[in-house]
Structures are given as structure tokens and as C-alpha cells.
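Visitor: Give me a 3D structure for the following:
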Amino acid sequence: MMTFPLPPDEILNQPVNETGQTIMNIAIAVGVVAVYATAIRLSLVHRTVVPVIVALGSTFCALIEPMPDTLANLWYYAPGQDTFYTAFENPFPVWTFFSYTAFYGGMGLTFWRLVEAGWSRRRLIPVCAGAALYLLGAELFMINVMEVYTYYGPAAFMVGDFPAWIPLLNTFIVLTIGVGAARIRRSLPTREQIVPAFFLPAVAMVLGLVMIPLVLWTYIHSAAPDHVVVYAITILTAGIAIAMMHTTMRLMPAEGFPPIESTRSEAPERERVPAA
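Guide: You can find the predicted model right below:
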């Protein structure tokens, strides 16, 4: 007995582009190796476990994928797919699971490095805009060129079968991972950083993929959603996402944190104060 809605037959029976799938498998595998290598390097250079723990937490969070996909009406083409597991009646390919490490882990640590380098809120704004545009292009490429998944059902601001406002949600997530990780590193003793840093990506993803668009997800799965109302709620959801990014930036000083290097270099200066 089916307990979750399925897409129309033309999507349900659409075979995956096997060339696109192979490219995605290779690209994500390279991305995972790069993220963990970078996380280890950052941890060693800056003497903190936070980057590695954030990478591990991002990998763990791949288990959340079935929920937002079902809510957002995202479907991975099943025929010919290299399926990793199936949940909520939706088959998930291997590359999707590990894309959480490559994307959320990689971009989250990129934001962390910028925040820890002393970037101000003002300097981060164009970075957020650039990240959103990059995510828009990446999703359009995977949907229309790689042909490995699609969106269906009632949605607003569709561009190339993709709801063009969704990058705002993902930008909020990676920004929150970056700023949150910097705050954790600066606010807690080393031993107490591990658990918060591990669950930080999960908190950001639940907020970004489920809670911010919760009203919209609820409405589009109602019995007869009205197209005008879908647009109105989508605009509201986009506004909430932007407001949440604004809120996240309030976790850091307006002019940015003192850079890691400065923080480490100040200690010897204090130690060299001559005795009275």
C-alpha cells in the first residue's frame, strides 16, 4: 500500500540519464575526498576539531534527504538508477547521499573559513548572493543537462523545472553552518565543541529545508492548492529565508570576528608582559 504521493507516470517511468549519473557519481566522489582533505588540513592548521566534525555531521545529515524531497515534490528518476536506498517511496541514488558532504560540508566550511578570517557581515552579503546564483545554476544543470531528477506538482517561480527560490534555503543553511561553527569554536572549550559542531548541520538543515518553508509544504500538499496562493506563500517563504540569513549574521560582530591568526598571535604578546 502506497503511503506517500508519487509523481505522474511520465516522471515515474522516466529513465535516468546514465551518462549524467556517472558524471555525478565521479564528481561527488571527488568532492567528498576534497572536503575531508580540506577539513583535516583546516583542523591541523588552526588547531581545532570543528572543521572535521562539521564535515562528519554533514555526511550524517544525508539521512534527512527523503523528508525535504517528499515535501518539495523532488523525484529522482528511478529506471536505470544506481539506488543507494529507498524511503518515502522515493529511490535515492548513491551520489545524492554523499552530495551532502560535498555541498553542505564543502560550502559550509567555505563560509566558516571566511568568517574566521575576519570577514564582516557586509562582505558576506555578496558571497551569499553569489552562492545562491551558483546553486541556481547547479540545480538547473543537474535537472536539465544531467537529467538525474526533477520537480513536479504545484510550485511557483519555476525555471527549467526548478523552483528558482529554493537556493535561498540552501544559502541560509551553508551560511548558518559557517557562522555557527565559528561561534562554537570561539564560545566553548575544545572538548565541548564536538557534539554541537556535529549536530550544527542537522539543525541548519531542519530549519532551512523543513521549518522555513513549512507553511508552503503544507499548502501544496493540501487537497486543492490555488496557484495564486502558492505564489503568495512562496514570496513569504523567500522573505523568511532572507530574514533568517539576516538573523544568522547577528551571531557574529558587524565588523567580523578577529581572525584566527590574530587570536593565536595575541597570546604570546600577553605572555611577554614584564613582571612588575
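
Visitor: show me where the stretch 51-200 of the chain has helices.
Guide: Assigned by DSSP state H, counting those that start in this stretch, the helices in the stretch 51-200 of the chain fall at 66-72, 94-99, 106-116, 121-144, 166-187, 194-205.

Visitor: what about the ones you listed, which gets the closest to residue 83?
Guide: Proximity to residue 83 (CB to CB) singles out helix 94-99 among those, at 7.6 Å. (C-beta placed from N, C-alpha, C; glycine too.)

Visitor: Quick one, grab the pLDDT at the closest residue in space to residue 146 that isn't next to it in sequence.
Guide: Excluding its sequence neighbours, the residue lying closest to residue 146 (CB to CB, 6 or more residues apart in numbering) is residue 20, at 3.3 Å. On pLDDT, residue 20 comes in at 96.

Visitor: same deal with residue 38?
Guide: 96.

Visitor: isn't it right next to residue 108, touching?
Guide: No. Between residue 38 and residue 108 there is no contact under CB atoms under 8 Å: 11.4 Å.

Visitor: ok, the two, which is more surrounded?
Guide: residue 108 (28 against 18; other CB atoms under 10 Å).

Visitor: Which residue is the nearest non-sequential neighbour of that one?
Guide: residue 177 (3.1 Å).

Visitor: Run a quick neighbour tally on the one you found.
Guide: Counted with other CB under 10 Å, residue 177 comes out at 30.

Visitor: cool, and the one 5 residues further on?
Guide: Counted with other CB under 10 Å, the neighbours of residue 182 add up to 23.

Visitor: and the residue lying closest to it once chain neighbours are set aside, what does it touch?
Guide: Of all residues not flanking residue 182 in the chain, residue 115 sits nearest, at 4.3 Å (CB to CB, 6+ apart). Going by CB atoms under 8 Å, 6 or more residues apart in numbering, residue 115 touches 124, 178, 179, 181, 182, 252, 256, 257.

Visitor: With pLDDT as new columns, can the residues you listed be given to me in a markdown table?
Guide: Listed next are those as a markdown table, based on pLDDT from 0 to 100:
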| residue | pLDDT |
| --- | --- |
| 124 | 97 |
| 178 | 97 |
| 179 | 97 |
| 181 | 97 |
| 182 | 95 |
| 252 | 95 |
| 256 | 94 |
| 257 | 92 |
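
Visitor: correct me, but residue 96 touches residue 65?
Guide: Yes. Under the criterion of CB under 8 Å, residue 96 makes contact with residue 65 at 6.3 Å.

Visitor: quick one: contacts for the residue nearest to residue 146?
Guide: Shown in contact with residue 20 (CB under 8 Å, 6+ apart): 142, 145, 146, 147, 148.

Visitor: cutoff 6 Å now
Guide: Counting by CB atoms under 6 Å, 6 or more residues apart in numbering, residue 20 touches 146, 147, 148.

Visitor: What distance do you get for it to residue 195?
Guide: 38 Å (CB to CB, to the nearest Å).

Visitor: before we move on, what about residue 165?
Guide: Using CB to CB, one gets 33 Å for the distance from residue 165 to residue 195.

Visitor: out of those two, which sits in the more crowded spot?
Guide: A count of neighbours by other CB under 10 Å puts residue 165 above the other of residue 165 and residue 195, at 21 against 13.

Visitor: right, and that one touches residue 238 too?
Guide: Yes. At 4.7 Å, residue 165 counts as touching residue 238 under the criterion of CB atoms under 6 Å.

Visitor: Backbone dihedrals for the residue nearest to residue 146, both of them.
Guide: phi -60, psi -40 (degrees, to the nearest 10).

Visitor: what about it, distance to residue 95?
Guide: 10 Å.

Visitor: and the helix or strand containing residue 42, how far out from the chain's middle?
Guide: Assessed by DSSP states H and E, residue 42 sits inside helix 18-46. Distance, stretch centre to chain centre, for helix 18-46: 15 Å (CA atoms, centre = their mean, to the nearest Å).

Visitor: How about stretch 247-258?
Guide: The answer for stretch 247-258 is 20 Å, by CA atoms, centre = their mean.
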